[in-house]
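In: Provided below for reference: sequence and predicted model.
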Number of protein chains: 2
Amino acid sequence: MVPGLAVVIVGGRKDSQSYVSMKRKACAEVGIKSFDIDLPEQVSEAELISKVHELNVMPDVHGILVQLPLPKHINEEKVLGEISLEKDVDGFHPLNIGKLAMKGRDPLFLPCTPKGCLELLKRSGVTIKGKRAVVVGRSNIVGLPVSLLLLKADATVTIVHSHTTDPESIVREADIVIAAAGQAMMIKGSWIKPGAAVIDVGTNAVDDSTKKSGYRLVGDVDFHEACKVAGCVTPVPGGVGPMTVAMLLRNTLDGAKRVIEL
Amino acid sequence: MVPGLAVVIVGGRKDSQSYVSMKRKACAEVGIKSFDIDLPEQVSEAELISKVHELNVMPDVHGILVQLPLPKHINEEKVLGEISLEKDVDGFHPLNIGKLAMKGRDPLFLPCTPKGCLELLKRSGVTIKGKRAVVVGRSNIVGLPVSLLLLKADATVTIVHSHTTDPESIVREADIVIAAAGQAMMIKGSWIKPGAAVIDVGTNAVDDSTKKSGYRLVGDVDFHEACKVAGCVTPVPGGVGPMTVAMLLRNTLDGAKRVIEL
């Protein structure tokens, strides 16, 4: 059996198209069959949902990914809720998040970026158990689930966000920092405890007249400064992004294996 | 229409019977019809589940509570998963917990004790937004959901647990402390920041030869010491317990209202 991943994209957003093409290319590299569903910007919510239902029952499809964000006339929550739990390789279904949060329960799929963050820590030999971890940002896609994963791995977790007073002093206590705020280079070298492990999930475009495109991508961490203080730090681009794609492939493979086992 | 709550108890555990009788008495006081289901210790999982199914379809029942813990031969997770989401007044279904965790989503019911903790803070005039909150304990029933609720209310939340190094210094930074570790009087006066709001969820029996029963109930906080430092602190018994029962009644009422609205 060949594992299959359906990648659904609606409309022509440049960033979404670039993410989707990376995911499809990665599938080809490892031998996962990718089903490419490209729908026009004007597609109705009902049409999109009926496409999801079609993919839900296709036996060759083991994972379904709907690239976000969707156009404004479509209710994301409703569409994501229609993806079969057994094929929810992004792990965003609230039932998956609930099981991720709860002790003694395991979701069918872990969300790809949070799973990739923990994989990066493990592969770098960073101990999580008993360590102070600070997560900057609390999005449903990264901040929240990565906090819950770190807690399950026995870290002492603090979640810092836009209403936090003095985030700097809190980040400075962390053995592990996960930066997922979407604020270009907000975390300076002076914020980082010497030797800390820093995972930078941010991807922000900043103006750069020396580039043909007129911009360059930077993380939520000032990488240059962080390198002088941290024990290890992931670059942007090139750190969390490729690991997220790898975890998507892994989830698809796990989905396919589960079908064989049943 | 009269709101109805089914309270299911299996076996003869003294503590469970005392909790159940408090809940039934509270129903009677406010005019909620309580359906008393008392099953023997030896009841099979299948029989218990079939009872739950029966209650799921009874139109007079708007909330179903299965008192925990269940006897060892019964799978709690399986039984709780059979309760209709619309009647899950304890709010323990993973789909409810997932929606509680996620930004922009709302569960049908909030778990009673965590909801009661926030109600106590609100009624005491304690600001949550932007404050440092430390939750001691990470159980599915209290620690985890109360952390998620505080985060949604814009506190900066840290979760402390058995693997945390130096919990004392972390608790001392908290403007709001939620003690839910199940460790008699582990939180001393010296752990508490002057003026902090302290909610004590613990209920621990300690030997006391001066009592007829041979024991007395104490919280996770050394109440006597805490009173000298904290801005406010809940007593055990008499603090969180009655508020939990009140929230159960509120959830039942909300469940009944939802039926009328639909």
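Out: Now that the structure is in, tell me what you want to look at.
In: where's A:H53, which helix or strand?
Out: helix A:45-57 (DSSP states H and E).
In: Only the buried residues of that helix, if you could.
Out: If you call a residue buried by 16 or more other Cβ atoms under 10 Å in any protein chain shown, then helix A:45-57 has these buried ones: A:L48, A:I49, A:K51, A:V52, A:L55, A:N56. All C-beta atoms are positioned from the backbone trio N, CA, C, and that covers glycine.
In: Which of the three states applies to A:A246?
Out: helix (DSSP: H, G, I helix; E, B strand; the rest coil).
In: That one: neighbouring residues, count only.
Out: 16 (other Cβ atoms under 10 Å in any protein chain shown).
In: Next, the closest residue to it other than its chain neighbours: phi, psi?
Out: Once flanking residues are discounted, A:A246 sits nearest to A:G116: 6.8 Å by Cβ to Cβ, 6 or more residues apart in numbering or on different chains. Dihedral pair for A:G116: phi -70, psi -40, per degrees, to the nearest 10.
In: The helix holding A:H53: what's the following helix or strand?
Out: Next in sequence after helix A:45-57, counting helices and strands by DSSP H and E, comes strand A:63-66.
In: what helices or strands is that following strand leaning on?
Out: Under the contact definition 3 or more Cβ pairs under 8 Å, 6 or more residues apart in numbering or on different chains; DSSP states H and E, strand A:63-66 sits against strand A:4-10, helix A:45-57, helix A:240-261.
In: Describe which strands that strand pairs with in its sheet and in which direction.
Out: strand A:4-10 (parallel) (DSSP bridges).
In: Need the residues that contact the helix holding A:H53.
Out: Here helix A:45-57 makes contact (Cβ atoms under 8 Å, 6 or more residues apart in numbering or on different chains) with A:6, A:8, A:10, A:35, A:37, A:39, A:61, A:64, A:66, A:70, A:73-75, A:78-79, A:82-84, A:87.
In: okay if I get the helices and strands packed on strand A:63-66 as JSON lines plus distance to B:S147?
Out: Listed next are the helices and strands packed on strand A:63-66 as JSON lines, based on distance: least, Cβ to Cβ, whole Å:
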{"stretch": "strand A:4-10", "distance to B:S147": "34"}
{"stretch": "helix A:45-57", "distance to B:S147": "33"}
{"stretch": "helix A:240-261", "distance to B:S147": "25"}
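In: Which one, of these, ends up nearest to A:A133?
Out: helix A:240-261 (15.6 Å; Cβ to Cβ).
In: other SSEs contacting the closest one?
Out: Using 3+ Cβ pairs under 8 Å, 6+ apart, helix A:240-261 sits against strand A:4-10, helix A:14-30, strand A:63-66, helix A:112-123.
In: what angle sits between that helix and strand A:4-10?
Out: 130 degrees (axes from the mean of the first three to the mean of the last three Cα atoms, to 10 degrees).
In: What mean pLDDT does helix A:240-261 get?
Out: For helix A:240-261, the mean per-residue pLDDT is 97.
In: got the buried residues for it?
Out: Buried-residue list, helix A:240-261, by 16+ other Cβ under 10 Å: A:240-241, A:243-256.
In: Now do the helix holding A:H53: distance to the chain's middle.
Out: For helix A:45-57, the gap between its own C-alpha mean and the chain's C-alpha mean amounts to 23 Å (Cα atoms, centre = their mean, to the nearest Å).
In: Quick check: closest non-adjacent residue to A:M186.
Out: Nearest to A:M186 is A:D220, by Cβ to Cβ, 6+ apart, at 5.6 Å.
In: So the one you found sits against A:I178, correct?
Out: No - A:D220 is beyond contact range of A:I178, at 9.5 Å (criterion: Cβ atoms under 8 Å).
In: ranges for the strands of the stretch 151-262 of chain A?
Out: Using DSSP state E, counting those that start in this stretch, the strands of the stretch 151-262 of chain A run over A:156-160, A:176-179, A:197-200, A:204-207, A:215-218, A:232-233.
In: Select, out of these, the one closest to chain B.
Out: Among the strands of the stretch 151-262 of chain A, strand A:156-160 comes nearest to chain B, with 4.2 Å by Cβ to the nearest Cβ.
In: could you dump that closest one to PDB, C-alpha only?
Out: Output in PDB follows, covering the C-alpha atoms of strand A:156-160 (Å, rounded to 0.1, in the frame of the first residue of the first chain):
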ATOM      1  CA  THR A 156       7.200  23.200  34.200                       C
ATOM      2  CA  VAL A 157       5.400  25.300  31.600                       C
ATOM      3  CA  THR A 158       4.600  29.000  31.500                       C
ATOM      4  CA  ILE A 159       2.700  30.600  28.600                       C
ATOM      5  CA  VAL A 160       3.500  34.200  27.800                       C
END
